[in-house]
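S.K.: structure for this input, please:
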Amino acid sequence: MQSHPAIDATLSQIGHRLRGVREKKNLSLAEISRATGVSKSTLSRLESGHRKPSLELLLPIAAALAVPLDEIVAAPRIVDPRMPQKPRRTDGRVIVPLSRTQGEPKAYKLTIPASESEPFPRTHAGYEWLYVLSGRLRLILSDYDLLLGPGEVAEFDTQHPHWFGSTGRGSVEVLSLFGGQGERAHFKVRPTPGAAFSGYQQTRPEDT
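M.R.: So this is what the prediction gives:
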């Protein structure tokens, strides 16, 4: 019989759910065994995932636990895969979240205007991955001062001083992957105008 990933995933969770309901009701395996006629070893194997669940086993167990069967056997759910885009703006940069999960890394599309061309390097924990969609991106990473065009990729440890933005000649669109630390850094308001920037080799965009 052909395997169905969604059904297999649901079946694999049944044992964990059974144990959770039983423990929540403060019932022992021995008590469930006496109420159902199913041996303790079979119940234990079922809860640990070493016994394949069947209706013949699950119906009397659900009755003994006094819960509906669908609380133990959840039907596979199909979630709409489309990601609603909710742009936000920070210092002229338009940031669009591209992932809905709470885990890391998170994906974003950034549109950086030509006016965002004054470097202000920062450091924070984590790694960052950048992919240029359109325009020219200026990336400063410690002593590196780089220009990246469409299709070019950069990846770096964000514990090193870094900044990326426009060359000043036009806007740039970038895909970015980073974690919570990077998210806070990108959404943080930039330093006040006139803040010093020194200690890095700079290549003026007009010289490239």
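S.K.: quick check: longest helix of this structure.
M.R.: Secondary structure assigned by DSSP state H gives helix 5-24 as the longest helix of the chain.
S.K.: hmm, who's touching it?
M.R.: The contact list for helix 5-24 (Cβ atoms under 8 Å, 6 or more residues apart in numbering) reads 29, 32, 46-49, 51-53, 58, 61, 65, 67, 71-76. C-beta: built from backbone N, CA, C; applies to glycine.
S.K.: what do you get if the cut-off is 7 Å, keeping everything else the same?
M.R.: The contact list for helix 5-24 (Cβ atoms under 7 Å, 6 or more residues apart in numbering) reads 32, 46-49, 53, 61, 65, 67, 72-74, 76.
S.K.: so where's the chain shaky on pLDDT?
M.R.: 1-7, 74-79, 101-103, 179-208 (pLDDT under 70).
S.K.: just to revisit the earlier point, got a ChimeraX select line for the buried ones in the contacts of helix 5-24?
M.R.: The following ChimeraX line selects those of the contacts of helix 5-24 that are buried, judged by 16 or more other Cβ atoms under 10 Å:
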select :32,46,47,53,61,65,67,72,73
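S.K.: tell me the one of the contacts of helix 5-24 nearest E152?
M.R.: P76 (40.7 Å; Cβ to Cβ).
S.K.: returning to what we had before: can you mark which positions in the longest helix of the chain are buried?
M.R.: The neighbour-count check on helix 5-24 (16+ other Cβ under 10 Å) flags T10, I14, G15, R17, L18, R19, V21, R22 as buried.
S.K.: can you give me the offset of that helix from its chain's centre?
M.R.: In terms of Cα atoms, centre = their mean, to the nearest Å, the centre of helix 5-24 is set 24 Å apart from its chain centre.
S.K.: do stretch 17-35 as well
M.R.: For stretch 17-35 - counting by Cα atoms, centre = their mean - the centre lies 35 Å from the chain centre.
S.K.: what's the end-to-end length of it?
M.R.: 19 Å (Cα to Cα, to the nearest Å).
S.K.: sorry, back to before: dump the buried residues of helix 5-24 to a markdown table, plus distance to R100.
M.R.: As requested, the buried residues of helix 5-24 are exported to a markdown table (distance: Cβ to Cβ, whole Å):
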| residue | distance to R100 |
| --- | --- |
| T10 | 21 |
| I14 | 27 |
| G15 | 28 |
| R17 | 25 |
| L18 | 30 |
| R19 | 29 |
| V21 | 29 |
| R22 | 33 |
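S.K.: and which of the residues you listed is nearest to D157?
M.R.: Using Cβ to Cβ, T10 comes nearest to D157 of these, at 40.2 Å.
S.K.: give me the distance between that closest one and H50.
M.R.: For T10, the distance to H50 equals 17 Å [Cβ to Cβ, to the nearest Å].
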